[in-house]
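Peer 1: Sequence and computational prediction follow.
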Amino acid sequence: MIIKRKRKRINNINELKNSNYRKIRIKKKNKIYSIKKYISKFKYIAILLIALYLTILNISRKSNYISNKDDDLLAEEIYKSKGELNYNKLKKISIDYSKYNKIHIALTFNNDYYLLASVTIATILKNIANTTFVFIHIIESGDFIYETRKKLNSLREKLNNNSEFIFHNGSKVMDDFGKEIKNQPYGVGEYSRLMAPDLVEDDRILVVDSGDIMVIKDLVELYNMDLKDKLVWGALDPYAKCHSFNKENYINGGVLLFNAKKWRELGIYKDIVNFYKAFNFKGKLGLPIQDILNTFIPYLSVGILPLRYNYQYHPYLSADCVVTNNEENEDAKNNEVIRHNNKMKPYQGEGELSKWYYYANLTGFIKDICAKYPKGCN
């Protein structure tokens, strides 16, 4: 009997152990189940939140797209009606200009040339002082794609917000000078530069070549110089003797500072149009703007800029062409403010490639630039 009781006791203990073990297992299972249940609930909540976020994001994108599209349509309407477009005014950006030294610079180019022009613009935006605000007037000399305007404005936003781009329709010159100028050397863009002084309210404007010009330093000193009642200022063309008019006081058209106030008051643009038609210059001008300015404007109304404001280097031209002396050229080389890649064009694989490529890379269009001008990227 004693043995039976012991065995029963042992059996009871084993049953208790098994019972406790089962309870523990059940508890663990319940716990695991509750955790899984919680995770499952959380998963569904997370999915709902993600779905909600994506919906809001999609609505926002559509809203922005509609807004941007509306802005684009409005910009096109303004440009077509006024022949002018200013993105800052379109976006109602308020700027206190009184804090800055203001300068106006004009460039003329068409849609096919905007990549090279963007490099020139990058040199301007990168090298102006923080105290300078630059208005860049882009005179369109052909059919401009709206996307190009947006790209150029993004360049401004990227490199220097102390700037404002104003796009102008330059096709008017074909009505004035004749549609045949489209097929002449340098095309419509060459003649549309003569419009620049009439496009600003300021008393002066600086006009530079698109693509061949590189601004090395701030332009305030040049821009604010005493105009001394001259109509236009330009540096002597170092190789003027080889040009069509063979004049020693022949100014180069790559960098021109116009007395815009006097130009407008005297109605010079209309006078030049009449002068051009009267002498029937059609197709006879090798370098139109240079030849017109050097012929039409009396020498007393032309100011001569130091060569550092339009430094050119032509190592392979004949010495017989040279007007300037070695001392002037050396001073310009050591103190250059504006480099004019007139003959040595970096995008054609000549001249200072590294400096040009540095600015080309800043534009954000480097892939397109290298695809179109591979020699400049080697």
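Peer 2: Right, received. Where do you want to start?
Peer 1: For E336, which three-state class applies?
Peer 2: Here E336 is recorded as coil under DSSP: H, G, I helix; E, B strand; the rest coil.
Peer 1: So for it, what's the pLDDT?
Peer 2: Taken from the predicted model, the pLDDT recorded for E336 is 87.
Peer 1: for the residue lying closest to it once chain neighbours are set aside, which residues make a bridge with it?
Peer 2: Spatial nearest neighbour of E336, chain neighbours left out: Y311 (4.2 Å); criterion: C-beta to C-beta, 6 or more residues apart in numbering. No exception for glycine: its C-beta is placed from N, CA and C like everyone else's. With DSSP bridges as the criterion, Y311 is bridged to R339.
Peer 1: is it true that Y311 touches E330?
Peer 2: No - using C-beta atoms under 8 Å, Y311 is not in contact with E330, being 10.5 Å away.
Peer 1: so which helix or strand takes in A51?
Peer 2: Secondary-structure element containing A51, defined by DSSP states H and E: helix 2-82.
Peer 1: Tell me the helix or strand right after that helix.
Peer 2: strand 84-86.
Peer 1: Okay, now the sheet partners of that following strand, with direction.
Peer 2: Here strand 84-86 is paired, per DSSP bridges, with strand 163-169 (antiparallel).
Peer 1: Next, the buried residues of the strand it pairs with.
Peer 2: Judged by neighbour count (16 or more other C-beta atoms under 10 Å), strand 163-169 contains these buried residues: 163-169.
Peer 1: What residues sit buried inside whatever helix or strand comes next after it?
Peer 2: Elements were assigned by DSSP H and E; along the chain past strand 163-169, the next helix or strand is helix 172-177. Residues of helix 172-177 classed as buried: 172-174, 176-177 (neighbour count, 16+ other C-beta under 10 Å).
Peer 1: export the next helix or strand after helix 172-177 as CSV, just CAs?
Peer 2: Using DSSP H and E, the helix or strand that directly follows helix 172-177 along the chain is helix 187-192. These are the backbone C-alpha positions of helix 187-192, laid out as CSV (Å, rounded to 0.1, in the frame of the first residue of the first chain):
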residue,chain,number,x,y,z
GLY,A,187,22.4,86.9,-88.4
VAL,A,188,19.6,88.7,-86.5
GLY,A,189,21.5,88.7,-83.2
GLU,A,190,24.2,91.0,-84.5
TYR,A,191,21.7,93.7,-85.4
SER,A,192,19.4,93.3,-82.4
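Peer 1: low-confidence ranges in the stretch 51-200 of the chain?
Peer 2: Low-confidence segments of the stretch 51-200 of the chain, defined by pLDDT under 70, span residues 53-83, 87-88, 90-92, 185.
Peer 1: actually the stretch 251-378 of the chain, not the one I typed
Peer 2: In the stretch 251-378 of the chain, residues with pLDDT under 70: 281-286, 299-300, 313-326.
Peer 1: try it again with 80
Peer 2: In the predicted model, the stretch 251-378 of the chain carries pLDDT under 80 at residues 279-288, 298-300, 313-333, 342-343, 351-352, 378.
Peer 1: Please enumerate the helices of it.
Peer 2: Applying DSSP state H, counting those that start in this stretch to the stretch 251-378 of the chain gives helices spanning 260-266, 268-278, 288-296, 326-334, 353-362, 366-372.
Peer 1: deepest of these, which one?
Peer 2: helix 288-296 (a mean of 21; mean count of other C-beta atoms under 10 Å).
Peer 1: how far off helix 268-278 does that helix point, in degrees?
Peer 2: Angle, helix 288-296 to helix 268-278, by axes from the mean of the first three to the mean of the last three C-alpha atoms, to 10 degrees: 90 degrees.
Peer 1: still on that earlier bit, tell me the contacts of the residue nearest to E336?
Peer 2: Going by C-beta atoms under 8 Å, 6 or more residues apart in numbering, Y311 touches 332-333, 336, 338-340.
Peer 1: Name the nearest of these relative to K182.
Peer 2: Nearest to K182 among the contacts of Y311 is H340, at 25.2 Å by C-beta to C-beta.
Peer 1: any idea how far that closest one lies from E327?
Peer 2: Distance of H340 to E327, computed by C-beta to C-beta, to the nearest Å: 19 Å.
Peer 1: Can you spell out the domain ranges of this structure, please?
Peer 2: 1-82, 83-377 (automatic domain parsing).
Peer 1: Of those, which stretch is the most buried?
Peer 2: Comparing these by mean neighbour count (mean count of other C-beta under 10 Å), domain 83-377 comes out on top with a mean of 18.
Peer 1: ok now that one, how far from the chain's centre?
Peer 2: Computed by C-alpha atoms, centre = their mean, to the nearest Å, the chain-centroid distance of domain 83-377 equals 14 Å.
Peer 1: May I have the phi/psi pair for the closest residue to G351 other than its chain neighbours?
Peer 2: Excluding the flanking residues, the one nearest G351 by C-beta to C-beta, 6+ apart is M344, at 3.5 Å. Note on M344: backbone dihedrals following degrees, to the nearest 10 are phi -90, psi 90.
Peer 1: So M344 sits against E350, correct?
Peer 2: Yes - counting by C-beta under 8 Å, E350 is a contact partner of M344 at 4.4 Å.
Peer 1: Find the residues that touch each one of the two.
Peer 2: The contact sets of M344 and E350 do not overlap (C-beta under 8 Å, 6+ apart).
Peer 1: residues touching P306, list them.
Peer 2: Counted by C-beta under 8 Å, 6+ apart, P306 has contacts 235, 331-332.
Peer 1: If we use 7 Å, what do you get?
Peer 2: Listed by C-beta atoms under 7 Å, 6 or more residues apart in numbering, the contact partners of P306 are A235.
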